[in-house]
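Participant: Task: produce atomic coordinates for the following.
(one chain, ligands or ions: 2)
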Amino acid sequence: MTRFLHSNPKSRRSAHASVAPLNDDEGIAAVAAVDVQKTYHLGSVEVRALEGVSVSAIHGEMICIMGKSGSGKSTLLRQLSLIDHPTGGEVFVDGRVTSGMPEGQRARLRLERLGYVFQEYALIPELTAIENVLLPAMQLLGNAGHNRSHAAELLDAVGLGDRLDHRPKELSGGQQQRVAIARALVNSPSIVFADEPTANLDSISAKTVMDTLTRLNRDTGVTILFVSHDPDDAVYASRLIYLADGKVVEGVSL
Ligand SMILES: Nc1ncnc2c1ncn2[C@@H]1O[C@H](COP(=O)(O)OP(=O)(O)OP(=O)(O)O)[C@@H](O)[C@H]1O
Ligand SMILES: [Mg+2]
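Facilitator: Ligands and ions are numbered 1, 2, ... in the order given. Got it, this is the predicted structure:
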């Protein structure tokens, strides 16, 4: 595997976290973290999960985030996707400073621009596949988000056109993961985050899921950041970011 490098050499760490990092060729980064820290407090125990991480993704990139268990991969994805608030540093989405943003505006930005595929699918068990896919659209647009034909098209695109009315327990793990991908796409995000999208899958389902993400990136230009434990998955990426102990390790290639 030779195509895949290390942390983006073009990304510049900004001296001031309120200044959006630029990429030389492409203008403003799709998403960027500048000196992001995340510390968890559990009683008297302090866990420093991210210790000053600076990364950025250019529009259209497909980035694989790797590192040992506990290195901070999920924590980083949650900060970049605005699911969580960092303890320090700044996250930029399309050049916009996100710290201090009112919660409503932040939620709207997240729903409009960012899709998230959870490792454990996180589908609502009582809802059918198509209802699960519609959920973020309804959160964003209310009843106007009830666009069943759009949701059906997305499920069709991930090979589940004949499973619209199945509930999660009536689907295989790989099929549930593909429902989760369709759900992440329903609001036409410009960036999709996927946390270990293949970790719970057999090798054939894993390949189908990775092929789905690759096709999405190639055909629609959606920026994708995915986490994986599996070195084989890095072949799908245009770039590798390696984390160890809450920090980016430069120069790792597989
Ligand atoms: N909510 C939390 N409260 C306290 N500590 C946490 C919390 N979430 C994560 N941590 C700690 O932060 C560190 C980084 O966790 P994280 O889940 O980001 O790792 P990871 O690289 O995704 O690991 P894995 O590959 O096992 O999923 C770990 O030491 C973990 O125990
Ligand atoms: Mg994780």
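Participant: May I ask you to confirm that Ala182 is in contact with Val133?
Facilitator: Yes. In this structure Ala182 lies within contact range of Val133 using C-beta atoms under 8 Å: 4.8 Å. The C-beta positions use only the backbone N, C-alpha and C, and glycine is treated the same way.
Participant: joint contacts of the two?
Facilitator: 151, 154-155 (C-beta atoms under 8 Å, 6 or more residues apart in numbering).
Participant: Restricted to helices, list the residues you listed.
Facilitator: Using DSSP state H, the members of the shared contacts of Ala182 and Val133 that fall in helices are 151, 154-155.
Participant: quick revisit: turn the shared contacts of Ala182 and Val133 into JSON lines, including pLDDT.
Facilitator: Listed next are the shared contacts of Ala182 and Val133 as JSON lines, based on pLDDT from 0 to 100:
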{"residue": "Ala151", "pLDDT": "96"}
{"residue": "Leu154", "pLDDT": "93"}
{"residue": "Leu155", "pLDDT": "95"}
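Participant: So Ala182 and Val133 - more neighbours on which side?
Facilitator: Val133 (29 against 26; other C-beta atoms under 10 Å).
Participant: show me the contacts for the more buried one.
Facilitator: Contacts of Val133 (C-beta under 8 Å, 6+ apart): 151, 154-155, 179, 182-183, 186.
Participant: which parts of the stretch 1-150 of the chain sit against ligand 1?
Facilitator: Contacts of the stretch 1-150 of the chain with ligand 1, taken as C-beta under 6 Å from any ligand atom, map to 40, 42, 47, 49, 67, 69-75.
Participant: which among those residues end up buried?
Facilitator: Buried members of those, counted by 16 or more other C-beta atoms under 10 Å: 49, 67, 71-75.
Participant: Keep only those of the residues you listed that are in helices.
Facilitator: Reading helices off those with DSSP H, I get 73-75.
Participant: want to throw the residues you listed into CSV with pLDDT?
Facilitator: Converted to CSV, these look like this (pLDDT from 0 to 100):
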residue, pLDDT
Lys73, 96
Ser74, 96
Thr75, 97
